[in-house]
Structure formats: C-alpha cells, structure tokens
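Undergrad: Just need the structure, nothing else, for what follows:
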Amino acid sequence: MRFHNHATTRLAAMAAIMFSLFAQGVSYGQNSDDAVAARVANVTSRFDGPDWKVRGDAFYALFEIIVPGGLLGTRGPIKPGMDAFFKAHPETKSQIAVDLSHLLQRENDVLHNANDLPEDFGQYHGDLVRAVAALNDPAATDALLGAIATGNMAARGLAAQPGASLDRVIAMLNSVDVGERIGASNTLGHLLDSRLDAAQRARAKAGLLRAAKDPHFAVRESAVPGLAKMSDPDVRALLAEIAAKDSYRTPDGKYRVRDAARRAIAQH
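TA: You can find the predicted model right below:
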C-alpha cells in the first residue's frame, strides 16, 4: 500500500465507493457493457469533488474496475491491463481518456498553486500521470504537458504522440520555469525514440541544440542524453565542446555537465 499515512482511511473510502455501486443495483457479477459503463460513470462522477482526497479515492476505485488487483496492487506496467480492459469494453475508452485527462489537469493546478502538499498527494499525482501516459491518446496531451516537469512518465506519454506534442514541447523551452524547460528537453530526447519523420526529427534536434545552450546548467545537462542519440556531425561536435568547456562547476569542484557529456560520448 503506497498511501502509508492514511491507508485505513483510503481503503474505507474506496470500500464506500464500491458499496454505493451495489446499492444502485450495479452488480459486479454483471458482464454487460451497460453494467461496466455504469460502474465507470458512477466512479468518475466523483472526479468533480472539491477535495483532492475524494478525487483520489475515486481514481483508485476506477482502477479497481480497469486493472485486476487495482493500481496500487500493480507493480509493473499498467498499459497491458488498460489495453485489455478497453479491448473488452471499447465503449468506455474515449470517456475514460477525457475524464482522466481532465482530472490530471485539475491536479496539476493543485500541484502548481499549493505551497505545502502532503506526501499522499505526490503519490496520487504520480499514479495519475502514470495512468494518463498509458492511455496513449492525443486527448491527454494538455494534461501531460502540465505535468512535464514531473519526470519520465509524462515525457514518455508525450513522446508516444509526437504529432500532437512535438511543437508544443519545443515551445516549452521558452518557459520561465526551469523545471518545465528540463522536462521539455528530456521529452525531446524521448521523442527521438518515436517514429518521427525527417521534418519532425529536424525540429526535435533544433530544440535539443537550443536546450544545450540554455543559461541554466540543469537544462543543458538534460539535453545531453537526447543529443547523444544522434550521430550528426554538428551534434557530435557540440557534445565534444560541452565535454571540454561547459562552465558549470559544483561547490565541490566537479564539472557536472562536462562529465555527463563525456559519459554520453563514451556510451555512444
């Protein structure tokens, strides 16, 4: 159980949600599409609640329906379980994608605007990003862009939809927020693993070249893994220049960005 501080409360809340489904006559023994759709709609209606804890309970209850054992009981990738559910119940996919994407946008706002959030919220938000990224749906682009600073899950979700995300990710290199610029640079590296056409690859490359010259050392460092995936002579020359000349030095005297570039050159 990942919500260590409030595990009992969360289990009770989820049990209450499940009980309400029975009370409305929606049996878990029913296999019809209508019954499944009704269960899903009942749970996702709680996404509109004013309290993020209520919304979080509803989110985990939804995945008790979608993935065997629920999200908290799934340690590996959740996409296979989601894909199997949507294959069995295709009528639910578009609405679940919209509902989860809207939920993530709402929680992104909570994350960006609150000064002090408990650990439980971070765990919930991370699981929500994980779920939305696994949708592999263009409808999730806005929500994942709002979570771009949170790490690789959002980056991989955006990279799975290059047509919808590429130019918007590049635009985020203009953000005043360093975390968002790092996320954009990291995502461009993941996009290079996608099936980009020549024009898309050229735009992703230009974005990474730009990130490699960002004023902030962490943005420059985040561009290195993506640059290392390219064998273009100008890219290799830039990596060599970074390895020799990047100016950032840690308080203990290490040239962190230079070292990252040297490792990347050695590995590729």
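
Undergrad: which residues make contact with stretch 180-188 from outside it?
TA: Contacts to stretch 180-188, defined as C-beta atoms under 8 Å, 6 or more residues apart in numbering, come from residues 148-152, 154-155, 158-159, 165, 169-170, 172-173, 175, 204, 207-208, 211, 214, 216, 218-219, 222-223, 225-226. To be clear about C-beta, it is placed using only N, CA and C from the backbone, and glycine gets the same treatment.

Undergrad: Give me the subset of those that lies in helices.
TA: 152, 154-155, 158-159, 165, 169-170, 204, 207-208, 211, 218-219, 222-223, 225-226 (DSSP state H).

Undergrad: related to what we said a few turns ago, filter the contacts of stretch 180-188 down to the buried ones.
TA: 148-150, 154-155, 158-159, 165, 169-170, 172-173, 204, 207-208, 211, 214, 219, 222-223, 225-226 (16 or more other C-beta atoms under 10 Å).

Undergrad: measure the most centrally placed residue in the chain to residue 240 for me?
TA: Of all residues in the chain, the one closest to the mean position by C-alpha atoms, centre = their mean is residue 154, 2.2 Å from it. The spacing between residue 154 and residue 240, counted by C-beta to C-beta, to the nearest Å, is 31 Å.

Undergrad: again with residue 87
TA: Taken as C-beta to C-beta, the span from residue 87 to residue 240 is 48 Å.

Undergrad: next one: residue 213
TA: For residue 213, the distance to residue 240 (C-beta to C-beta) stands at 15 Å.

Undergrad: Go ahead and confirm residue 152 touches residue 190.
TA: Yes. Using C-beta atoms under 8 Å, residue 152 is in contact with residue 190, at 7.5 Å.

Undergrad: I figured residue 244 was touching residue 255, is that so?
TA: No. In this structure residue 244 lies outside contact range of residue 255 using C-beta under 8 Å: 9.6 Å.

Undergrad: more neighbours, these two?
TA: residue 255 (19 against 11; other C-beta atoms under 10 Å).

Undergrad: With residue 243 as the reference, measure out to the more buried one.
TA: If you measure residue 255 against residue 243 using C-beta to C-beta, the figure is 9 Å.

Undergrad: Could you do residue 221 as well?
TA: 12 Å.

Undergrad: Give me the more crowded residue out of these two.
TA: Per other C-beta under 10 Å, whichever of residue 221 and residue 243 has more neighbours is residue 221, with 23 against 20.

Undergrad: which ones are touching that one?
TA: 256-257, 260.

Undergrad: ok, of the residues you listed, which come out buried?
TA: For these, a neighbour count by 16+ other C-beta under 10 Å gives the buried set as 257, 260.

Undergrad: Please name every helix or strand in contact with the one helix or strand residue 34 maps to.
TA: Assigned by DSSP states H and E, residue 34 falls within helix 33-44. On a contact count with 3 or more C-beta pairs under 8 Å, 6 or more residues apart in numbering; DSSP states H and E, helix 33-44 meets helix 7-23, helix 52-66, helix 93-113.

Undergrad: Going by mean pLDDT, which of those comes out lowest?
TA: When the helices and strands packed on helix 33-44 are compared on mean pLDDT, helix 7-23 scores lowest, with a mean of 48.

Undergrad: Which residues are in contact with the residue nearest to residue 205 when sequence neighbours are not counted?
TA: Leaving aside its chain neighbours, residue 205 sits nearest to residue 230 (6.4 Å; criterion: C-beta to C-beta, 6 or more residues apart in numbering). Taking C-beta under 8 Å, 6+ apart, we find residue 230 in contact with 192, 205, 208, 236.

Undergrad: Of those, which count as buried by neighbour count?
TA: Buried among those (16+ other C-beta under 10 Å): 192, 205, 208.

Undergrad: which among those residues gets closest to residue 179?
TA: residue 208 (17.5 Å; C-beta to C-beta).
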